[in-house]
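S.K.: Sharing a model that was predicted from the sequence below.
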Amino acid sequence: GAVVSQHPSWVICKSGTSVKIECRSLDFQATTMFWYRQFPKQSLMLMATSNEGSKATYEQGVEKDKFLINHASLTLSTLTVTSAHPEDSSFYICSASHREGTDTQYFGPGTRLTVL
Amino acid sequence: LAKITQPISMDSYEGQEVNITCSHNNIATNDYITWYQQFPSQGPRFIIQGYKTKVTNEVASLFIPADRKSSTLSLPRVSLSDTAVYYCLVGTENDKLIFGTGTRLQVFP
C-alpha cells in the first residue's frame, strides 16, 4: 500500500515553455501533498505543501507564480513550472500523506526536468 | 534555518551492521523522525519511523535517545543492494519538515 505515482518521469522542454507534473496517490486518500526539488548530489528541498481544496503553502524563496500547485482532489496534485528556464532543471519529487505533520510521507518516483 | 546533519558518506562490507546518525537539535516536541533510502534518479523509499526509544521493523532499527536531539538508523547485515543515500526527515520547532543532509552508504563485497 501507500503507492504514489508521478507523470511524466522525465521531460525536456524549451526555455519559456510551461511544464505540468502530476502526482497521484494510487491506493490512499492524501489529505496533504508535498512538492520537493532536488539538485544533483544534494538533499531534497521542500518547495510547497498543499492540502486538498485549499491554496498551497510555499516555502521561503519559492515563487508561487512560477510554480503553480493545484490539489483538486484527494488523489491528485499538479505542479506547473511556468516559463521554465535552464536554472529550473532539476529532479522534482512529490509525496503524499494522510494528514499534515507527523504522518508518514510516501514519495513518488520523481520527474527529471531538463530545460534547454 | 535549522540544519539536520548527517555524515556525508560511509563505507561498509557485506554482512556488517551499519549505523547512520542524524543530528536534529531543533526537533519539534510532537514530531516523528523518519528515515528514507534513495537510489539514483528515484524517489525516497520509506524505511522506518519513530518518536522515542527504539523501533524495529523487518529491515532496520531506529534508536532515539531521551532528548531526541539525534537518532541512529541501524541496518543489520547490509548487502550490496543497500548501497544508496539515506536521509532522515524531521519536523522542527518552527513547524518545518526538513530533510537531513544525507549519507551516502557504499557497501563493498
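M.R.: It's in.

S.K.: which residues touch the residue of chain A found nearest chain B?
M.R.: The nearest approach of chain A to chain B comes at A:F107, 3.7 Å away (C-beta to the nearest C-beta). Just so you know, the C-beta spots here come from the backbone N, C-alpha and C atoms, and that holds for glycine as well. Contacts here follow C-beta atoms under 8 Å, 6 or more residues apart in numbering or on different chains; on that basis A:F107 touches A:V4, A:I93, A:C94, A:S95, B:Y36, B:G43, B:P44, B:R45, B:F46.

S.K.: do B:T5 as well
M.R.: B:C22, B:S23, B:G100, B:T101.

S.K.: where's B:K54 relative to B:V90, distance?
M.R.: 17 Å (C-beta to C-beta, to the nearest Å).

S.K.: So between those two, which is more surrounded?
M.R.: Comparing B:K54 with B:V90 by other C-beta atoms under 10 Å in any protein chain shown, the one with more neighbours is B:V90, at 24 against 11.

S.K.: nearest residue to residue 66 other than its sequence neighbours?
M.R.: This is for chain A. A:T82 (5.5 Å; C-beta to C-beta, 6 or more residues apart in numbering or on different chains).

S.K.: think we crossed wires, I meant chain B
M.R.: Using C-beta to C-beta, 6+ apart, the closest residue to B:A66 is B:K52 (7.2 Å).

S.K.: now do B:A28
M.R.: B:G91 (4.5 Å).

S.K.: Any idea how many residues pack against the one you found?
M.R.: For B:G91, using other C-beta under 10 Å, the count is 21.

S.K.: same deal with the one 10 residues further on?
M.R.: B:T101 is surrounded by 18 other residues when neighbours are defined as other C-beta under 10 Å.

S.K.: The closest residue to it other than its chain neighbours: what's it in contact with?
M.R.: Nearest non-adjacent residue to B:T101, counting by C-beta to C-beta, 6+ apart: B:Q6, 5.1 Å away. Going by C-beta under 8 Å, 6+ apart, B:Q6 touches B:I20, B:T21, B:C22, B:S23, B:Y86, B:Y87, B:C88, B:G100, B:T101, B:G102, B:T103.
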